[in-house]
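Student: sequence first, predicted coordinates after that:
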Amino acid sequence: MKLIGSLASPFARKVRIVLAEKKIDYEFENDNPWKPQAAAARVNPLGKVPVLVLDDGTALFDSRVIVEFLDNASPLGRLLPAENRERIEVRRWEALADGVLEAGVLARLENQREAKLRSAPWTERQLGKVHAGLAAMDSELGDKPWCAGNGYTLADIAVGVCLGWLDFRYPKMDWKKGHANLARAFAKLSERASFVDTVPQE
Ligand code: GSF
């Protein structure tokens, strides 16, 4: 199978970490979805990365669908619990972490527009979601070692990817300040090989 992604995309990083944790071999196509000839646009009508192209040509998107497919594709290192409430708890964490990312991406795109076209209220609204999401994640994590249940799951991956991307794109935000629980969890996650090997890059 082939993953179309970029080295900067946090959603593609979530998938790359899941592939590494599940020890699944794949080909990686580094793509810039914003370029006119983007590979993603040929297989995903939404023109976004990540896309996972299966050996029979089926193109899977988005990252949430891909990670569910991958977790079920191999029994090794289960990242989603089988039991409904437990699985939904993990997916809710993922929705929260991905939501922080989506808001952060929107604010960043707004700031890349010509100065006269930028909307300060829009940027503030999106950054408000980032801050509210960080506060919720920090408080829900509390002093627990893992986001959901008794071990490492997709919830931890999604949260770690979100925090790593904020460091990458918003270094001045210094999210660790005021979020000691997240800072502690992030330090531990950042030591895992799957995280080290996929640090976001331009
Ligand atoms: C989000 C993917 C996305 O925004 C997912 O896979 O979970 N809900 C989707 N991808 C961005 C790159 S990035 O910010 O990770 C993308 O491909 N944007 C190109 C575009 O045309 O919006």
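Tutor: The structure has been received and is ready for your questions.

Student: drop to CA atoms for contacts and neighbour counts, all remaining ones
Tutor: OK.

Student: and the residue of this protein that's closest to the ligand?
Tutor: With C-alpha to the nearest ligand atom, the shortest gap between the chain and the ligand falls at Lys48, namely 3.1 Å.

Student: how many other residues sit next to that residue?
Tutor: Neighbourhood size, Lys48 [other C-alpha atoms under 10 Å]: 23.

Student: what's the answer for Glu102, then?
Tutor: 18.

Student: looks to me like it is in a strand.
Tutor: No: using DSSP: H, G, I helix; E, B strand; the rest coil, the assignment for Glu102 is helix, not a strand.

Student: what residues are up against it?
Tutor: Shown in contact with Glu102 (C-alpha atoms under 8 Å, 6 or more residues apart in numbering): no residues.

Student: now do Ala135
Tutor: With C-alpha under 8 Å, 6+ apart, Ala135 has these contacts: His179.

Student: the same query, at a cut-off of 6 Å, please.
Tutor: Neighbour list for Ala135: empty [criterion: C-alpha atoms under 6 Å, 6 or more residues apart in numbering].

Student: report the buried residues of the particular helix or strand that has it in it.
Tutor: For Ala135, the host element (DSSP states H and E) is helix 120-141. Of the residues in helix 120-141, 123, 126-127, 129-131, 133-135, 137-138, 141 count as buried by neighbour count, 16 or more other C-alpha atoms under 10 Å.

Student: that older thread, and the residue of the chain closest to the ligand, what helix or strand is that in?
Tutor: Applying DSSP H and E, one finds Lys48 in no helix or strand.

Student: who in the chain is up against the ligand?
Tutor: 9-11, 33-34, 47-50, 62-64, 105 (C-alpha under 6 Å from any ligand atom).

Student: burial measure for Glu68, as a count.
Tutor: Neighbours around Glu68, by other C-alpha under 10 Å: 16.

Student: where does it land in three-state SS?
Tutor: helix.

Student: quick one: the nearest residue to it once chain neighbours are set aside from Leu70, how far?
Tutor: The shortest distance from Glu68 to any residue other than its chain neighbours is 7.8 Å, reached at Leu80 (C-alpha to C-alpha, 6 or more residues apart in numbering). Relative to Leu70, Leu80 is positioned 10 Å away (criterion: C-alpha to C-alpha, to the nearest Å).

Student: higher neighbour count, those two?
Tutor: Using other C-alpha under 10 Å as the criterion, Leu80 and Leu70 rank with Leu80 on top: 21 against 18.

Student: do you know the pLDDT at the more buried one?
Tutor: Leu80 carries a pLDDT value of 98.
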